[in-house]
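A.B. asks: Sharing a model prediction with you, sequence too.
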Amino acid sequence: MTAATARAALAGFQAALGEDPSDVEDLATVPVPLPARLPVDALAWAGVQAASLALARISGADPVRLDGSRIAAAYRSERHLRIDGSSPGAWSPLSGFWHAADGWVRTHGNYPAHAEAMRGALGLTEPSAEAAAERLAAMRVDAAVSAITAHGGLCVPTREERPAVDAALRLDPPIRLERIGRGQPVGLPEATAAAPLVGVRVLDLTRVIAGPVCTRTLALAGADVLRIDPPALPEFAWQHLDTGHGKRSALLDLEEDDDRARFDALLANADVVVLGYRPDGLSRLGLTPERLLATHPRLVVAQLSAWGAPDRRGFDSLVQAASGIAWIESVDGTTPGVLPAQALDHTAGYLLAAAIATALRRRAVDGGGWIAETSLRRVAADLLALPRSGEPIGDAPPEDPETQTFDVDGTEVRTVVPAVAWTGGPSRFAPPRPWGGDQAVWR
């Protein structure tokens, strides 16, 4: 990557956060081994640097030169995860690119409900990739997308890049950060360089990479992060262990009166709520950003979506396909390709962490409640605007990156080390906890 491209990406993020973009001019850029036609390396450095700077500003710590190999490993963390020495299987047979009668589609069937929906739409008796390929090859792209979506599954057309669409998306900032109301300031008196967010309480209502990366970063900075999940929607153990560092995890059914009362007690004493669920579910539970801030006017509410239209389901792989990234990264021009990491997810997570840290710092001075929002699709629009090369350039990602090992309830878990860094900050994560294994109480 070029230093100019990396600094341009970071300057855009800084401007969106209300910081002086010229502050990035003296920062040392580093090579990030994530080779691609699109400058994923520059995007990754800028995302991690934005979070690092936002956390450093709280305690007045100095920025440090980031480690490019750590950034690359963090962006590919699921590939380096080992559970009792084994690498978990991350992809379902029904997730991937499929050649339809008049083009390509991309599906996501990792979660059982999404795989079952795809089976129902295609009339499959079992999750067979061969059978799915045969059915989809006989369908037009629009028909495949409509059928699978109507059954509650996830399928998008694999499109060429549409520059006008991306230009329109870039009329809004890559992350929205706004003060709401005039609540009294809430200080951060316990902040230190090692733990700038110590004493901050974060309710984590997110799943799948971007949101958990955000809250993992807040926990690294000392926040008390409590992830809440519904008991009826279990998380993959490997996915939680890959992004659950330093957090506690509890189960509450918010449609049950007793569990809702426990949740409301947590909410009354929270500083931050991070939302990753669809608005229809949040609205039913009274957890939209507007309702939260009306009831708790000093909250920082952060919301993440795949598409910027939060009522639409999506994942990084689907956004890559629908935005044109997959064709840009095609190896042969006839089969769609992928980025070397789920870079939209990870970048969105680091940007949301940067926005939350910035909001907490400003809340300590200016008061008010705060709202922060970003989406994978908006991050993709920024990536597509950066200068690109004709062929992938740069070193290959590290095969054996720096790692740390935990004992999690008798299970040996090996994960990568943090990419976020600032002077005096921690260089290792605290261990993850078993999913759903904690009480729904603050420390």
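C.D. replies: Thanks, I have it.

A.B. asks: Would you mark the buried spots in stretch 137-153?
C.D. replies: For stretch 137-153, the buried set under the neighbour-count rule, 16 or more other CB atoms under 10 Å, comprises Met139, Val141, Ala144, Val145, Ala147, Ile148, Thr149, His151, Gly153. From N, CA and C alone the C-beta is placed, and that goes for glycine too.

A.B. asks: which residues touch it?
C.D. replies: 98-105, 107, 109, 113-114, 117-118, 120-122, 136, 154-157 (CB atoms under 8 Å, 6 or more residues apart in numbering).

A.B. asks: what are the ranges of the strands in this structure?
C.D. replies: Taking DSSP state E, the strands of the chain run over residues 82-83, 96-100, 103-107, 155-157, 176-180, 201-205, 224-229, 248-251, 272-275, 300-305, 369-375, 403-408, 411-416.

A.B. asks: Could you identify which of the ones you listed is most buried?
C.D. replies: Scoring those by mean neighbour count under mean count of other CB atoms under 10 Å gives strand 300-305 as the most buried, with a mean of 27.

A.B. asks: okay, among the buried residues of stretch 137-153, which ones form the most distant pair?
C.D. replies: Pairwise distances across the buried residues of stretch 137-153 (CB to CB) peak at 16.5 Å, for the pair Val141 and His151.

A.B. asks: Low-confidence ranges, the stretch 151-300 of the chain, go.
C.D. replies: Per-residue confidence of the stretch 151-300 of the chain (counting by pLDDT under 70) places no residue in a weak region.

A.B. asks: Show the residue spans covered by the helices in it.
C.D. replies: Read by DSSP state H, counting those that start in this stretch, the stretch 151-300 of the chain holds these helices, from start to end of the chain: 163-169, 210-220, 237-243, 257-268, 279-284, 289-295.

A.B. asks: what packs against the last one?
C.D. replies: Using 3 or more CB pairs under 8 Å, 6 or more residues apart in numbering; DSSP states H and E as the contact criterion, the secondary-structure elements in contact with helix 289-295 are strand 300-305, strand 369-375.

A.B. asks: how about these in CSV, adding distance to Arg361?
C.D. replies: Converted to CSV, the helices and strands packed on helix 289-295 look like this (distance: least, CB to CB, whole Å):
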stretch, distance to Arg361
strand 300-305, 10
strand 369-375, 10
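
A.B. asks: Nearest to Ala326, out of the ones you listed?
C.D. replies: Among the helices and strands packed on helix 289-295, strand 369-375 sits nearest to Ala326 (CB to CB), with 17.9 Å.

A.B. asks: if we look at that closest one, which residues are touching it?
C.D. replies: Under CB under 8 Å, 6+ apart, the answer for strand 369-375 is 174-181, 183, 289, 293, 296-308, 310, 348, 351-352, 355-356, 359, 362-363.

A.B. asks: mind saving the C-alpha coords of that strand as PDB?
C.D. replies: Once non-C-alpha atoms are left out, strand 369-375 reads as follows in PDB (Å, rounded to 0.1, in the frame of the first residue of the first chain):
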ATOM      1  CA  GLY A 369     -26.600  11.100  24.700                       C
ATOM      2  CA  TRP A 370     -24.800   9.900  21.600                       C
ATOM      3  CA  ILE A 371     -25.500   7.800  18.600                       C
ATOM      4  CA  ALA A 372     -23.000   6.100  16.300                       C
ATOM      5  CA  GLU A 373     -23.900   4.200  13.200                       C
ATOM      6  CA  THR A 374     -22.000   2.500  10.300                       C
ATOM      7  CA  SER A 375     -22.600  -0.300   7.900                       C
END
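
A.B. asks: What average pLDDT does it get?
C.D. replies: Per-residue confidence for strand 369-375 averages out to 96 on the pLDDT scale.

A.B. asks: Same check on stretch 333-341?
C.D. replies: Model confidence over stretch 333-341 averages 96 on the pLDDT scale.

A.B. asks: Show me which positions of that stretch end up buried.
C.D. replies: Judged by neighbour count (16+ other CB under 10 Å), stretch 333-341 contains these buried residues: Pro336, Gly337, Val338, Leu339, Pro340, Ala341.

A.B. asks: right, and the fourth one touches Gln320 too?
C.D. replies: Right, Leu339. Yes. The pair Leu339 and Gln320 qualifies as a contact (CB atoms under 8 Å) at a distance of 6.2 Å.

A.B. asks: hey, what's in contact with both of the two?
C.D. replies: Taking CB under 8 Å, 6+ apart as the contact rule, the neighbours common to Leu339 and Gln320 are Glu329.

A.B. asks: one step back: ranking the helices of the stretch 151-300 of the chain by burial, who's on top?
C.D. replies: Here the criterion is mean neighbour count by mean count of other CB under 10 Å, and of the helices of the stretch 151-300 of the chain the winner is helix 210-220, at a mean of 28.

A.B. asks: Mind giving me the packing neighbours of that helix?
C.D. replies: strand 201-205, strand 224-229, helix 237-243, strand 272-275, strand 300-305, helix 343-366.

A.B. asks: can you pull the alpha-carbon coordinates of it into CSV?
C.D. replies: As requested, the backbone C-alpha atoms of helix 210-220 are provided in CSV (Å, rounded to 0.1, in the frame of the first residue of the first chain):
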residue,chain,number,x,y,z
ALA,A,210,-18.2,-6.7,13.2
GLY,A,211,-20.1,-6.0,16.4
PRO,A,212,-18.1,-8.5,18.5
VAL,A,213,-14.8,-7.0,17.1
CYS,A,214,-16.0,-3.6,18.2
THR,A,215,-16.9,-4.8,21.8
ARG,A,216,-13.7,-6.9,22.0
THR,A,217,-11.8,-3.7,21.4
LEU,A,218,-13.7,-1.9,24.1
ALA,A,219,-13.0,-4.8,26.5
LEU,A,220,-9.3,-4.6,25.6
